[in-house]
Structure formats: C-alpha cells, structure tokens
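Chemist: here is a sequence with its predicted model. Questions after.
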Amino acid sequence: MSLTKKIKKDFRSLYGLIFILLAGLRLFFNVLIPLTDKTEARYGEVARLMAETGNWIVPQIDYGIPFWAKPPLSTWLSAGSISLFGDSEFGLRLPYWIVAILIAFLMIPYGHKKKINGLIPGIILFTLPEFFLHAGVLSTDLMLSFSVAIIMMGFWEFLHSEKNLIPGLLFFVGMGFGLLAKGPIICVLSFPPLFIWCILHQISFKKIFKMPWLKGGILALLIALPWYYLMEKKSPGFINYFVLGEHFLRFIDSSWSGDKYGFPKQQPLGIIWAFLIVGTLPWSFVLLGQLKHGFRKIWNDPWQLFLWLWILWTPLFFTFSKSLIHTYTLPVMIPIALLITHHWPSSKRKKTTILIALALPILLFGAYFLEPTKKIISTSTDKNLVIHPEVNPSKLYAFPFKSYSSQFYSKGKIKVIPLDRLEKMVEDTIDFSIIIKNRGLKDLSPEVVNKLNPVMERGKDGLYQLK
C-alpha cells in the first residue's frame, strides 16, 4: 500500500478524528486568544514592524530600534503571514500551527514502522502540554525544535538509509535553519547527544566521514551566513551582543545587565526537570514506567538509546542554569513522542492514557468560556484598552511605559508620555486617552488624578480620559 493510501486510511479512523480535534482546538485558541505580554506580544510587534517597514534584515522592537535578541526565522514566518492575512492573531500564529502539523505529518512513517496508525505519534505530540502550547504561541522555540529534529533525524536516516545523500544534506539544512531560528545554541543542543551515541555504539569515523560535509557545510552557510553578515553590517554590535551575551552570559548570570529585552530570572537549580515532567504529563509517567524494564534493553537498542540521549541532553545542559523558562524543554517533545510510539504496540492501558491526555486540551476549551479565564486573559494583554470604542489611537498615550501588546494593537501609534507633559496636557484640557500602570498613578499629583476619568480599570492598570 502506498504512503498516500496509508495516510488516507489513518485519517478515516478514530485516531484521525482525534488528531483533527486536537489540531482544530489549537487553531481555535490561535484565533481567539489575544497576544499576551510580554513575550508573545513582543514577537508579534517585531513581526508587525517588519511587515510594515519592509525591513526584512534588521528586526525592530520599535521604530528604528533593532531587536538583537533572536535571529529572524520565526519573525520572517509571522511577517510573511501578516503580508498575506493581515496582522490579526490568526495571521501571526498560522505559521506555527502549520509547522506543528508538518512535524506531526513527518512522524507518520515512524508510526507505520511500528505497524500502528501513523497519526498516533502526532496525537501524542499534540497532547504534550508544552507542545500543544507552542503549536500557536509566537516564539522562537518551535522553529528551534524543528531544526534540532531535522539534524537528529537527518543523521539517523543517513546512517540507516541506502540512499543517504538527502538525509545527509538535511542534517546541514537543520543546522542552517537552527542558526536562523535561535543561533549557535543549535550546535549545543544537537551535537553532544550525537557524539555520545556514536561513541557508545562504536560508529566508525569512516562512516561519519561519508556525510556530505563539504556540500552540506556550504549549504548551511548559504542558508544562514548572508543574514548574519547583513545584520552586523546594518546594525553593528549585533554579533557581540547576540553570540556572547545571549548564548553565554544570560545562562551563567541571571542578573546579566546587558540583557536589553528580557528580565532577570532566578530559578532553583534543576527546575528544568520539573518543567519537563509537568510539560509532558501524562506521558512522562509512561516514559518513567518504561525505565522499570531495565537500562540494558535501552543500552542495547540503538534507536531507544538515540532517543533517550536526545531527550536527556537538553535538560541536563540547563540543569545548572538559573536563568531559564519552561520553553527550554520544547526541543525534547519530538523524541518523547517518538519513544512512546516505539513502545506503543506493547504498552498497556493505551486508551486510558489517551483519554487522560485529551482531557487537558478539552478542559482548556471549556475553561475558555468561563468568566475567571476571560478575566485572566484580559488582564494579560492591553488589547481591550487599546481597541476601546472611545479611544482614538492617534491620541493614545502610556505612562510610565507602554506594553508590547498596546504597541501592537495600536499599530505602533501609542506613545510614552513623560510626567511633565502629561501634567501640562491635563492642565490645558487637551483631548487624549492614556493607559496608566497602577505604579504610575502614585507619581501623579492628586489634582491630575482628580481630572482623569477611569474608562476601564483593571488590577494592574487602567484606561483614562479627561473628565
């Protein structure tokens, strides 16, 4: 049976309906949930600025202010989607959803190899909470994870395929994409587990040297190097900040003062393992259950050991870092899904585990319509303040600072106003709207506060106009 017919058969089954349900739920959230501060709205604004200004080389965090924190691959995807579908939440998030679906589709043959429905790996993947979240959240982590997967699977297929040129070249394509997705960290997350696996399984150097190193190296450089060259040329200082600061100082110094875009993070040592277990529930317990069968089986099975090294290396690398967030576990979601797929035919309580795994996205769908959830979403973004019917975006201000969501939803029109000018505008009774953070209210005199009418108040800020 051809691959196309097998896939059609996969989709006609109950598993096909489950996969469509999961993909549809993620798309539902992508369309209706506004961009939230700080991270997602920040990347949304960077993409909006790129599409608006037409500057596809230097990402910008504000007009004329370069964004040095990350390479542009994810921003290119969102900005390109904006050009086609407009700067809505749907347009911005669509590329991430498509990439997530693509990853699930590329895993279909690994399901067929185990003589099971090819969509089971994708279902497992979409029911991993960390992956389900990133199937629509604006960030650089999904493309990094995809790039790591291309490298790892390209290497594996190169060693195990008769026609190995294409898998060998894919290894280097993953390198190029990774450098454009998140930078040199791609080498740190992929090379060590491959090296350890080759040593443990005594893979000969002769076999490794058959990789298309020259062609592939040139291909990787052609993919990534032009942008790095043009970026440093148009925005001098980028290389020093990005390579040294973002790849070393931010991980060893949680209070790194050079961080232009983030904020200091103090996490307990080893918290990455808690992030990993929670972000993969309930499948993390399935994996832990497999360990009871003994390490010898894993050690003697090249595929299992390959996947385990891929899974364990990333959290091990971040174990001694205090400056991290849960999204750093995302690159290991794909091997986790593949490893569970490997054990699927012999697994017990498969239906029960899937039902439990499906509970989270279904519960999230139901919770979306509850008032407490709507309130949490509303207070995490300034969208409702900016698009309020009484607000004229050209006369909208922020004090003492503007959020990324207010910048995005006002299409860059909102302006930060200094205290003296705000007092002057109130005194002269100039018509304007202003988003004031609660801590900013403390800096205003009682006379100014008394002349401001609260149009919409929330826990952390509010929208005000002159009475």
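Modeler: Arrived safely.
Chemist: going forward, measure contacts between C-alpha atoms and count neighbours the same way
Modeler: Fine.
Chemist: give me the contact list for the helix or strand harbouring residue 287.
Modeler: For residue 287, the host element (DSSP states H and E) is helix 283-290. Contacts of helix 283-290 with the rest of the structure, by C-alpha atoms under 8 Å, 6 or more residues apart in numbering, involve 128, 277-278, 340, 353, 357.
Chemist: and those, which are buried?
Modeler: Buried subset of the contacts of helix 283-290 (neighbour count, 16 or more other C-alpha atoms under 10 Å): 128, 278, 340, 353, 357.
Chemist: give me the distance between the last one and residue 278.
Modeler: Spatial separation of residue 357 from residue 278 under the definition C-alpha to C-alpha, to the nearest Å is 12 Å.
Chemist: how many residues are close by residue 14?
Modeler: If you count neighbours by other C-alpha atoms under 10 Å, residue 14 ends up with 11.
Chemist: what about it, distance to residue 106?
Modeler: Distance of residue 14 to residue 106, given as C-alpha to C-alpha: 20 Å.
Chemist: in the protein, which helix has the most residues?
Modeler: In the chain, with assignment by DSSP state H, the single longest helix is helix 213-234.
Chemist: ok, then the element right after that one?
Modeler: Toward the C-terminus from helix 213-234 - assigned by DSSP H and E - lies helix 238-239.
Chemist: hey, where'd the strands end up in the stretch 251-400 of the chain?
Modeler: Per DSSP state E, counting those that start in this stretch, the stretch 251-400 of the chain carries strands over the ranges 396-399.
Chemist: repeat for the stretch 1-150 of the chain
Modeler: 60-62, 65-66.
Chemist: related to what we said a few turns ago, greatest separation within the contacts of helix 283-290: which pair is it?
Modeler: Checked with C-alpha to C-alpha, the contacts of helix 283-290 reach their widest spread between 278 and 340, with 16.4 Å between them.
Chemist: so what's residue 194 up against?
Modeler: Residue 194 is in contact with 152, 306, 310, counting by C-alpha under 8 Å, 6+ apart.
Chemist: please list only the buried members of those.
Modeler: Using 16+ other C-alpha under 10 Å as the burial test, the contacts of residue 194 include 152, 306, 310 as buried.
Chemist: tell me the one among those residues nearest to residue 238.
Modeler: Using C-alpha to C-alpha, these come closest to residue 238 at residue 152, 28.8 Å.
Chemist: show the contacting residues for that closest one.
Modeler: By C-alpha under 8 Å, 6+ apart, the neighbours of residue 152 are 171, 190, 194.
Chemist: let's see which of these end up in strands.
Modeler: The members of the contacts of residue 152 all map outside strands under DSSP state E.
Chemist: wait, which of these is closest to residue 204?
Modeler: Residue 204 has its nearest neighbour among the contacts of residue 152 in residue 194, at 13.1 Å by C-alpha to C-alpha.
Chemist: from residue 310, how far off is the closest one?
Modeler: 8 Å.
Chemist: same check on residue 232?
Modeler: According to C-alpha to C-alpha, residue 232 and residue 310 sit 33 Å apart.
Chemist: okay, how far is it across stretch 104-121, tip to tip?
Modeler: 7 Å.
Chemist: and what of stretch 392-411?
Modeler: So stretch 392-411: terminal residues 12 Å apart, C-alpha to C-alpha.
Chemist: pLDDT of it, averaged?
Modeler: Mean pLDDT, stretch 392-411: 92.
Chemist: and the residue nearest to residue 241 when sequence neighbours are not counted, what does it touch?
Modeler: Using C-alpha to C-alpha, 6 or more residues apart in numbering and skipping residues adjacent in sequence, the residue nearest residue 241 is residue 68, 7.3 Å away. Each residue near residue 68 by C-alpha under 8 Å, 6+ apart is listed here: 59, 238, 241-242.
Chemist: quick one: which of those residues sit in helices?
Modeler: residue 238.
Chemist: farthest-apart pair in the contacts of residue 68, please.
Modeler: Maximum distance among those (C-alpha to C-alpha): 14.6 Å, for 59 and 241.
Chemist: neighbour count for the two, which is higher?
Modeler: Using other C-alpha under 10 Å as the criterion, residue 59 and residue 241 rank with residue 59 on top: 30 against 17.
Chemist: let me see the contact set for the more buried one.
Modeler: Residue 59 makes contacts with 46-47, 49-50, 66-68, 72, 75, as judged by C-alpha under 8 Å, 6+ apart.
Chemist: contacting residues around the spatially closest residue to residue 105 that is not a sequence neighbour?
Modeler: Spatial nearest neighbour of residue 105, chain neighbours left out: residue 122 (7.1 Å); criterion: C-alpha to C-alpha, 6+ apart. The contact partners of residue 122, by C-alpha under 8 Å, 6+ apart, come to 19, 103-105, 107-108, 337.
Chemist: just for the chain, where's the confidence low?
Modeler: The model of the chain has pLDDT under 70 over residues 245, 247-266, 293.
Chemist: hmm, try it at 80
Modeler: Residue ranges of the chain with pLDDT under 80: 1, 3, 162-164, 243-268, 290-295, 321-324, 459-460, 467.
Chemist: got the domain boundaries for it?
Modeler: 3-371, 383-466 (automatic domain parsing).
Chemist: now the end-to-end length of the last one.
Modeler: Taking C-alpha to C-alpha, domain 383-466 runs 21 Å from one end to the other.
Chemist: measure how far it is from the centre of its chain, please.
Modeler: Using C-alpha atoms, centre = their mean, to the nearest Å, the mean C-alpha position of domain 383-466 is found 31 Å from that of the whole chain.
Chemist: please apply the same query to the longest one.
Modeler: Here domain 3-371 shows a centroid-to-chain-centroid distance of 8 Å under the convention C-alpha atoms, centre = their mean.
Chemist: shift numbering so it begins at 8
Modeler: All right, first residue 8 from here; so that's domain 10-378.
Chemist: for that domain, measure first residue to last.
Modeler: End-to-end distance for domain 10-378, by C-alpha to C-alpha: 46 Å.
Chemist: could you do stretch 111-124 as well?
Modeler: 12 Å.
Chemist: please apply the same query to stretch 202-219.
Modeler: OK, stretch 202-219 end separation, C-alpha to C-alpha: 17 Å.
Chemist: repeat that for stretch 69-78.
Modeler: Start-to-end span of stretch 69-78 (C-alpha to C-alpha) is 16 Å.
Chemist: tell me which residues of it come out buried.
Modeler: Neighbour-count burial for stretch 69-78, with 16+ other C-alpha under 10 Å as criterion, is recorded at 73-78.
Chemist: with distance to residue 123 as extra columns, can I get those residues in TSV?
Modeler: Shown next, in TSV, are the buried residues of stretch 69-78 (distance: C-alpha to C-alpha, whole Å):
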residue	distance to residue 123
73	49
74	45
75	45
76	42
77	39
78	39
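Chemist: surely residue 188 and residue 79 touch.
Modeler: Yes. Between residue 188 and residue 79 there is a contact under C-alpha atoms under 8 Å: 6.6 Å.
Chemist: in JSON lines, list the contacts of residue 201 along with distance to residue 166.
Modeler: Listed next are the contacts of residue 201 as JSON lines, based on distance: C-alpha to C-alpha, whole Å:
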{"residue": "159", "distance to residue 166": "11"}
{"residue": "313", "distance to residue 166": "12"}
{"residue": "317", "distance to residue 166": "16"}
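Chemist: now, which of those sits nearest residue 457?
Modeler: residue 317 (60.1 Å).
Chemist: identify the residue spatially nearest to the closest one, adjacent ones excluded.
Modeler: Per C-alpha to C-alpha, 6+ apart, closest to residue 317 is residue 200, 5.8 Å.
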